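S.K.: Quick check, what structure comes out for this input:
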Amino acid sequence: MKKMFFVGGARAFLGIMTRNERRLGRYIRDGEGHPQSVEQLAVELKKDFDKRFDKVKEIAEEAVGKAKTGEDLTKAAKELADEALTGMNEVKHRLDDIEQKLDRKPGDDKIDVKTLGDQFVADERVKAFLESESKRGKIDFSAKASLTSATTGTGGLGDAVNQTRLPGIIAPPERRLTVRDLITPGRMDGNTLEYVKETGFSNNAATVAEGAAKPQSDITFDLVSTTAKVIAHYAKASRQIMDDVSQLASYINGRLNYGLAYKEEQQILSGDGTGQNLLGIIPQATAYNAPVAISGATSIDQVRLAMLQAALAEFPATGTVMNPIDWTVIELTKDAAGGYIFANPAQLTGPVLWGNPVVPTQAIAQDKFLTGAFKLGAQLFDRWLARIEIATENEDDFIKNMITILNEERLALAVYRPEAFIYGDFGRIA
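M.R.: Numbers count the residues shown, from 1 in each chain. Prediction:
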């Protein structure tokens, strides 16, 4: 930032200095109009004070001498004495003020910033102008005002700088999680979940003549046992930050719960059943095999044929899961005339196909789909509902003022009828 001065003579310069003297207090004028520093002024004032003091002393000695002889002071002598005392006191007051400035401790002014007055009197062109005899003409003076973030010093602007802090915390995008909503919920006791599943049925029912033997049908069962699995993670935070940032606790809890649900969705769909993994639906689902051949079948056709396959197994489909890319391909399907056959782009339509909800999620691979009777074919049992626990129980957390935030759930998945789920691919990726 620059400030421009055009000075037309000594009088204009002295007028500027007079205003800056009162504002900045760094320079004053001597008798000839030249600027003086505070140190120079102090020396001049000391000399002036000594001279006035001697004058007052002289008047006082004269008054004492006259008093001894009984002679009264004249009115003029009294006025002269008052004037001398007043002048001495004024100089003493100015001298005390200057000495106080000179006694300022080093470091009181943390940043040495040159004022406009400093830069003006130090400019070589200004000095040459003042030293000229005529002191007439024009000077083009440019001074840069130093703008800093310091909180002290003439040029410091730290106190005037406001920080802009937007409310809340900017969170990364979250995946839409809805696979759990397709499955029948349940609760369980203990760690083990057991259920009896029919594995075979030989239906020999027939019409029987009078007196003839009735046919026998065979039904076989199997006891299926699975255990509840724990999905968990935790985060650490200091006690101070949790107390100082009121919204941080709820933010951390929300992010931890999202992370738990994210992993849960992967396990429900694709868990391989080894170790502490759930045995998901896809590893148990029936492979897609179109009951009828359709020439030039589209993705929409394939989903409908998979629904037919589930219906032929006596489990009518209640939903479909696919990758968002594949769902977009379906939405963008056009007829020969170029019109969208699935939806009107000008209107919002929910992800629904053949009357059943569609769950677009990246938890399933691109080019794959899963359809079936989610409500009848599987059930999700919660042993522990998703919960947040906060503790400082271990010694390391206690002595460091740290808090451990634990987020966990315990659940089991039962897939009653694998034939109720049809898993296949659209065939767009080799």
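
S.K.: if I pick residue 385, what's in contact with it?
M.R.: In this structure, residue 385 makes contact with residue 409, judged by CB atoms under 8 Å, 6 or more residues apart in numbering. Using the backbone N, CA and C atoms, a C-beta is placed for each residue, glycine as well.

S.K.: Three-state assignment for it, please.
M.R.: strand (DSSP: H, G, I helix; E, B strand; the rest coil).

S.K.: right, and residue 196 touches residue 219 too?
M.R.: No. With contact defined as CB atoms under 8 Å, residue 196 does not count as touching residue 219 (11.3 Å).

S.K.: For residue 326, give me its contacts.
M.R.: The neighbourhood of residue 326, defined by CB under 8 Å, 6+ apart, consists of 299, 360, 366-369, 426, 428.

S.K.: what helix or strand is it on?
M.R.: Following DSSP states H and E, the helix or strand that holds residue 326 is helix 324-331.

S.K.: shaky segments in the stretch 201-350 of the chain?
M.R.: Counting by pLDDT under 70, the low-confidence segments of the stretch 201-350 of the chain come to 244-247, 348.

S.K.: go with 90
M.R.: Counting by pLDDT under 90, the low-confidence segments of the stretch 201-350 of the chain come to 201-202, 219-222, 224-226, 234-261, 294-297, 331-350.

S.K.: Tell me where it has helices.
M.R.: Chain-ordered helices for the stretch 201-350 of the chain, with DSSP state H, counting those that start in this stretch as the definition, fall at 239-244, 248-270, 281-284, 299-312, 324-331.

S.K.: Rebuild those helices as JSON lines, extending it with distance to residue 388.
M.R.: Rendered in JSON lines, the data for the helices of the stretch 201-350 of the chain read as follows (distance: least, CB to CB, whole Å):
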{"stretch": "helix 239-244", "distance to residue 388": "13"}
{"stretch": "helix 248-270", "distance to residue 388": "5"}
{"stretch": "helix 281-284", "distance to residue 388": "28"}
{"stretch": "helix 299-312", "distance to residue 388": "38"}
{"stretch": "helix 324-331", "distance to residue 388": "30"}
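
S.K.: Quick check: which of those helices is nearest to residue 395?
M.R.: Of all those, helix 239-244 sits nearest to residue 395, with 15.0 Å by CB to CB.

S.K.: What would that closest one look like as CSV? C-alpha coordinates only.
M.R.: Backbone C-alpha positions of helix 239-244 (Å, rounded to 0.1, in the frame of the first residue of the first chain) are rendered in CSV as follows:
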residue,chain,number,x,y,z
ARG,A,239,-10.2,-35.4,27.4
GLN,A,240,-9.3,-31.7,26.7
ILE,A,241,-10.4,-31.7,23.1
MET,A,242,-13.6,-33.6,23.9
ASP,A,243,-14.5,-30.9,26.5
ASP,A,244,-13.4,-28.0,24.4
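
S.K.: List the buried residues for that helix?
M.R.: residue 242 (16 or more other CB atoms under 10 Å).

S.K.: Also stretch 315-334?
M.R.: Residues 315-324, 326-327, 329-330 are the ones in stretch 315-334 that count as buried (16+ other CB under 10 Å).

S.K.: same thing with stretch 181-190?
M.R.: Per 16+ other CB under 10 Å, stretch 181-190 contains these buried residues: 182-183, 188.

S.K.: Stretch 195-213 too?
M.R.: Those would be none for stretch 195-213, no buried residues there (16+ other CB under 10 Å).

S.K.: contacting residues around that stretch?
M.R.: Contacting residues not belonging to stretch 195-213 are listed as 214-224, 414, 416-417 [CB under 8 Å, 6+ apart].

S.K.: same thing but 10 Å
M.R.: The set of residues that contact stretch 195-213 without belonging to it, under CB atoms under 10 Å, 6 or more residues apart in numbering, is 214-226, 379, 414-418.

S.K.: by how many degrees do the helix holding residue 326 and helix 299-312 diverge?
M.R.: 100 degrees (axes from the mean of the first three to the mean of the last three CA atoms, to 10 degrees).

S.K.: And the next helix or strand past helix 324-331?
M.R.: Trace forward from helix 324-331 with DSSP H and E and the next one is strand 352-353.

S.K.: Determine the set of other helices and strands touching that next one.
M.R.: helix 299-312, strand 319-322, helix 324-331 (3 or more CB pairs under 10 Å, 6 or more residues apart in numbering; DSSP states H and E).

S.K.: same for whatever helix or strand comes next after that strand, what does it pack against?
M.R.: Reading on from strand 352-353 to the C-terminus, the next helix or strand found by DSSP H and E is strand 356-360. The criterion is 3+ CB pairs under 10 Å, 6+ apart, and the helices and strands that strand 356-360 contacts are helix 179-182, helix 299-312, strand 319-322, helix 324-331, strand 368-372, helix 374-377.

S.K.: quick one: which of these is nearest residue 262?
M.R.: Proximity to residue 262, assessed across those by CB to CB, is greatest for helix 179-182 (11.0 Å).

S.K.: Need the contact partners of the closest one.
M.R.: Judged by CB under 10 Å, 6+ apart, the contacts made with helix 179-182 from elsewhere in the structure are 261, 264-266, 268-269, 281, 318-321, 356-357, 359, 361, 363-364, 370, 372-375, 378, 380, 411.

S.K.: can we see that at 7 Å?
M.R.: Under the contact criterion CB atoms under 7 Å, 6 or more residues apart in numbering, helix 179-182 has outside partners 265, 268-269, 318-319, 321, 359, 361, 363, 374, 380.

S.K.: And for stretch 350-365?
M.R.: Outside of stretch 350-365, the residues that reach it under the criterion CB under 7 Å, 6+ apart are 175-176, 178-179, 182, 265-266, 269, 300, 303-304, 307, 317-324, 327, 370.

S.K.: which parts of that stretch are buried?
M.R.: With the criterion 16+ other CB under 10 Å, stretch 350-365 contains buried residues 351, 353, 356-361, 363-365.

S.K.: Looking at these, which is nearest residue 406?
M.R.: Proximity of the buried residues of stretch 350-365 to residue 406, judged by CB to CB, is greatest for residue 363, which lies at 24.1 Å.

S.K.: Provide the secondary structure category for that closest one.
M.R.: With three-state DSSP as the criterion, residue 363 reads coil.

S.K.: any idea how far the nearest residue to it once chain neighbours are set aside is from residue 318?
M.R.: Distance criterion CB to CB, 6 or more residues apart in numbering; nearest residue to residue 363, sequence neighbours excluded, is residue 265 at 4.7 Å. Separation of residue 265 from residue 318 (CB to CB, to the nearest Å): 18 Å.
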